[in-house]
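Peer 1: Provided below are the primary sequence and the corresponding predicted coordinates.
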Amino acid sequence: MLDRLIHSLETAPIMKRGEYNYFIHPITDGVPLLEPALLREIGCAMVRNLDLEDVDKIVVCEAMGIHIGVAFSMMTDIPLVVVRKRPYGLPGEVAVHQATGYSKGELYLNGVAAGDRVVIIDDVCSTGGTLRALISAIEQTGAEIADICVVIGRGDEDIGRPLKTLVKIEVSETQVRVVDTCL
Ligand SMILES: O=P(O)(O)OC[C@H]1O[C@H](OP(=O)(O)OP(=O)(O)O)[C@H](O)[C@@H]1O
């Protein structure tokens, strides 16, 4: 369980994005190639770890939450909402600001309303900026957040709510080290 994820992280290349040590990995980048077996391993671990009772929507963020969300949605039969980086101007759209370790922008949430019970999943939590923005957007709709899970955690940022992490890593200039797992 999680053997593929751990091995692929420990062999992931690192590049500099400004001062930020950015690891390149199939789950967080789609590069160089995403193996179905890795995606299945992650989907199974999420199904096992998340509280899905009465959950009616899965919320992910464009772009690198989408493939995880699709796999998870197909395994659980729960519909998927993709938070986008461009506005649609639909009634009830919520706009929030996102800041990561290396970028800034706006996120736009559609398709979630008061009374919904949702889970948030994403590829990685680093500074926590993206998850904080997603939580704020969902809170503005009046929906309830049942659970939050990321595949990879780097850093121990406080997102103001409990966060489930499949694997925790440390990233240096040359190497990713897996320091903990959900197992
Ligand atoms: O904890 P944080 O510092 O917010 O970093 C994590 C976020 O960074 C990446 O998204 P990014 O906005 O770079 O876009 P992408 O998914 O299109 O790669 C990643 O997919 C997470 O959503």
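Peer 2: Sure, I can see it.

Peer 1: For the rest of this, base every contact and every neighbour count on C-alpha atoms.
Peer 2: Will do.

Peer 1: Kindly list the main-chain dihedrals of Ala114?
Peer 2: Per-residue torsions, Ala114: phi -50, psi 140 (degrees, to the nearest 10).

Peer 1: How many residues are close by it?
Peer 2: Neighbour count for Ala114, taken as other Cα atoms under 10 Å: 12.

Peer 1: what helix or strand does the residue located most distally from the centre of the chain sit in?
Peer 2: For the chain, the largest distance from the centre (Cα atoms, centre = their mean) belongs to Pro91, which lies 25.6 Å off. Pro91 is part of no helix or strand, with elements assigned from DSSP states H and E.

Peer 1: Let me see the contact set for the residue nearest the centre of the chain.
Peer 2: Taking Cα atoms, centre = their mean as the criterion, Asp122 is the residue nearest the geometric centre of the chain, at 0.8 Å. Residues near Asp122 by Cα atoms under 8 Å, 6 or more residues apart in numbering: 60-61, 64-65, 68-69, 149-151.

Peer 1: what's the spacing between it and Glu19?
Peer 2: Separation of Asp122 from Glu19 (Cα to Cα, to the nearest Å) stands at 23 Å.

Peer 1: Can you give me the end-to-end span of stretch 68-86?
Peer 2: 20 Å.

Peer 1: buried ones in that stretch?
Peer 2: Neighbour-count burial for stretch 68-86, counted by 16 or more other Cα atoms under 10 Å, picks out 68-73, 78-85.

Peer 1: Tell me which of those fall in strands.
Peer 2: For the buried residues of stretch 68-86, membership in strands holds for 80-83, with DSSP state E as the criterion.

Peer 1: and the closest residue to Ile66 other than its chain neighbours, bridged to which residues?
Peer 2: The shortest distance from Ile66 to any non-neighbouring residue, by Cα to Cα, 6 or more residues apart in numbering, is to Val60 (6.3 Å). Val60 has these beta-bridge partners by DSSP bridges: Val82.

Peer 1: so what's Val60 up against?
Peer 2: Contacts for Val60 (Cα under 8 Å, 6+ apart) come out as 66, 69, 80-83, 120-122.

Peer 1: just Asp123 next, same as before
Peer 2: By Cα under 8 Å, 6+ apart, Asp123 lies in contact with 27-28, 64-65, 68, 150-152.

Peer 1: So what's the gap between the longest strand anywhere in the chain and the chain middle?
Peer 2: Determined from DSSP E, the single longest strand within the chain is strand 144-154. The chain centre lies 7 Å from the centre of strand 144-154; the measure is Cα atoms, centre = their mean, to the nearest Å.

Peer 1: next one: stretch 125-139
Peer 2: Centre-to-centre, stretch 125-139 and its host chain are 10 Å apart (Cα atoms, centre = their mean).
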